[in-house]
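Asker: this one's structure only:
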């Protein structure tokens, strides 16, 4: 059975992951509205990834005998100054999520909840990938600067991103 304080902390993280999905869907909608379908695709795939994170936390809580409690999700912004600005915000957001995951790990260790610490290690590694992915796009957008042609080339590249579901939490590769 999971500690009630850990249950509360993981439920808060579920809300944060839902907000992340909501934020990336808002960014996808923004990009669609300005004709950058590739950027929209990248954000839509990112939203799908965030929803798989929600499911991992959900399943873990249930498997540990906990109760999932869903709260209202905050409304994300709807406009950004540019593609670069949106991706910089996405990168900043991923940094914030990394901080939340690190706090959860520290809390699990303080509570001597080794099962939760083990569970969270997948997210520690995932956040390294999440930040690197967003940082890569930010770097490319900074390189193209104000070049419309460069922006369209990056947009075309981002259109190729495909959602690949991660291995299930119980799989050896996903554990």
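Answerer: Perfect, thanks for sending it. Only a predicted model underlies this, so the values are computations on that prediction, with no experimental measurement involved.

Asker: Quick check: phi and psi at the residue positioned nearest the centre of the chain.
Answerer: Centroid-nearest residue in the chain, with CA atoms, centre = their mean: residue 50, separated by 4.5 Å. Dihedral pair for residue 50: phi -60, psi -40, per degrees, to the nearest 10.

Asker: Leaving out chain neighbours, which residue sits closest to it?
Answerer: residue 21 (3.8 Å; CB to CB, 6 or more residues apart in numbering). The way it works is simple: take the backbone N, C-alpha and C, and place the C-beta from them, glycine included.

Asker: other SSEs contacting the helix or strand that contains residue 127?
Answerer: Element membership for residue 127 (DSSP states H and E) is helix 114-144. For helix 114-144, the contact count by 3 or more CB pairs under 8 Å, 6 or more residues apart in numbering; DSSP states H and E identifies helix 37-63, helix 83-110, helix 148-158 as packing neighbours.

Asker: next one: the shortest one to chain centre, how far?
Answerer: What separates the centre of helix 148-158 from the centre of its chain is 23 Å, taken as CA atoms, centre = their mean, to the nearest Å.

Asker: Also stretch 145-160?
Answerer: Using CA atoms, centre = their mean, the offset of stretch 145-160 from its chain centre is 23 Å.

Asker: What lies in contact with that stretch?
Answerer: Applying CB atoms under 8 Å, 6 or more residues apart in numbering, the external contacts of stretch 145-160 come out as 36, 37, 38, 39, 41, 42, 83, 137, 140, 141, 143, 144.

Asker: Now those in TSV, please, with extra columns for pLDDT.
Answerer: Listed next are these as TSV, based on pLDDT from 0 to 100:
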residue	pLDDT
36	98
37	98
38	98
39	98
41	98
42	98
83	97
137	98
140	97
141	97
143	96
144	96
